[in-house]
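1. need the 3D shape of this:
(chains A, B, C and D)
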Protein chains: 2
Amino acid sequence: MGQGGSGTLGGENLLFLTDEQLRKGIEAMFFAYRGFTADPDRILADHAYGRAHHRALHFINRTHGTTVNNLLTVLGVTKQSLNRVLRTLIADGLVESRVGRTDRRERNLYLTEAGKELERMLSEAQRNRMRAAYRAAGPQAVAGFRQVLEAMMDDEIFRQYIALKERRT
Amino acid sequence: MGQGGSGTLGGENLLFLTDEQLRKGIEAMFFAYRGFTADPDRILADHAYGRAHHRALHFINRTHGTTVNNLLTVLGVTKQSLNRVLRTLIADGLVESRVGRTDRRERNLYLTEAGKELERMLSEAQRNRMRAAYRAAGPQAVAGFRQVLEAMMDDEIFRQYIALKERRT
DNA sequence: CTTGGAATGTCAACAAGGCTGACATAAAAT
DNA sequence: ATTTTATGTCAGCCTTGTTGACATTCCAAG
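-> This next block holds a predicted model:
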């Protein structure tokens, strides 16, 4: 995609794109991501789970009945890696895996009540952090935040994700 | 640009803080971080290094002569974990470890020429991604991006980092 | 219908990089 | 002289990536 497009960028924005500014952005991203995961990580540690379990719970909750394959694509890991996490979640009764109706090779994934409860605890902790940051920064900053993040994603991955969401209804 | 009233937010900002908006922010953070690390990760794979090596190189380059203890604090890992990474970087001739002048228990860490070169390759890839995102979003969005990220950090950790930077000059 | 390939998911084994605990050494501080 | 601090190292564990091998299921071509 043509990086130019929307902008009508004047010379002004060359000013703030010094290496020093970019480096500060990189470090901010590093430290912020640590803060972003810190609260859920503490909860997960109590349950002997890791971040991978959180990600699985999040996206299963997000798209009920998603397949293992969909989840792989979204999470960007191998099926073997995801399988290990799913196995423990299923064994612990947090996730239910039903054989697909139309294609019986597929497994449709759902959160059980217990799964929903843990997911709620985790996402609540994370939302609280996010909410506090949004409040402190203000609505306009939030809009900018989202714009930059979206520009920073690998386009393919995100488009796949959107496509998956739209395909199922 | 107008967003002047950084504090004193009216009731308006309650509107955009729905759980759905927060969830989108959380997912954007997840996908963006993947994009953020993707390019350096590819380079690191060629050298049989991992993300941990990149982080060490980055912060040694950032504050020449930093000590092991400072680095632990900034990176938020244990000395055993950092030591493993540092050992390989020193063995491979990318990092030099000199006994401290004033306190000879300390080790001051420096990048060698080879270390600087790899660091440059990695950070250039990451800066390119960041620059493209900044360009696409525009200066105002970048300001908001930084504001939200800074509000999302664990305050203590970041303050320690700033303190470290200021202490040495 | 049968057979071969493709898609999907599971099991096994390995590696990176976190972690804790224990311990050694050297130097600084008391 | 003793204690504390900074660092390094060894051993062992856990999570979460990886690849390889394999079973099951579906579908399409013969």
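
2. the inter-axis angle of the longest helix seen in chain A versus helix B:19-46?
-> Assignment by DSSP state H gives helix A:19-46 as the longest helix of chain A. On the basis of axes from the mean of the first three to the mean of the last three C-alpha atoms, to 10 degrees, helix A:19-46 is oriented at 110 degrees to helix B:19-46.

3. beyond helix A:19-46, next helix or strand please.
-> Proceeding N to C from helix A:19-46, the next assigned helix or strand is helix A:51-62, under DSSP states H and E.

4. output the contacting helices and strands for that next one.
-> If you count contacts as 3 or more C-beta pairs under 8 Å, 6 or more residues apart in numbering or on different chains; DSSP states H and E, helix A:51-62 packs onto helix A:19-46, helix A:68-75, helix A:79-91, strand A:95-99, strand A:107-111, helix A:113-137, helix B:19-46. C-betas here are computed from N, CA, C, even on glycine.

5. want to throw the ones you listed into JSON lines with distance to residue B:71?
-> Shown next, in JSON lines, are those (distance: least, C-beta to C-beta, whole Å):
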{"stretch": "helix A:19-46", "distance to residue B:71": "14"}
{"stretch": "helix A:68-75", "distance to residue B:71": "31"}
{"stretch": "helix A:79-91", "distance to residue B:71": "30"}
{"stretch": "strand A:95-99", "distance to residue B:71": "39"}
{"stretch": "strand A:107-111", "distance to residue B:71": "40"}
{"stretch": "helix A:113-137", "distance to residue B:71": "26"}
{"stretch": "helix B:19-46", "distance to residue B:71": "18"}
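
6. let's check: the centremost residue of chain A is which one?
-> The residue lying closest to the centre of chain A (C-alpha atoms, centre = their mean) is residue A:55, at 6.6 Å.

7. that one and residue A:72 touch, don't they?
-> No: contact criterion C-beta atoms under 8 Å: residue A:55 and residue A:72 do not qualify, at 11.6 Å.

8. ok, residue A:59 - contacts?
-> The neighbours of residue A:59, taking C-beta atoms under 8 Å, 6 or more residues apart in numbering or on different chains as the test, are A:66, A:71, A:74-75.

9. about what we covered before: can I get the helices and strands packed on helix A:51-62 in a markdown table including distance to DNA strand C and mean neighbour count?
-> Listed next are the helices and strands packed on helix A:51-62 as a markdown table, based on distance: least, C-beta to the nearest atom of the strand, whole Å; neighbours: other C-beta atoms under 10 Å in any protein chain shown:
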| stretch | distance to DNA strand C | mean neighbour count |
| --- | --- | --- |
| helix A:19-46 | 10 | 18 |
| helix A:68-75 | 3 | 19 |
| helix A:79-91 | 4 | 15 |
| strand A:95-99 | 6 | 15 |
| strand A:107-111 | 4 | 19 |
| helix A:113-137 | 16 | 18 |
| helix B:19-46 | 7 | 18 |
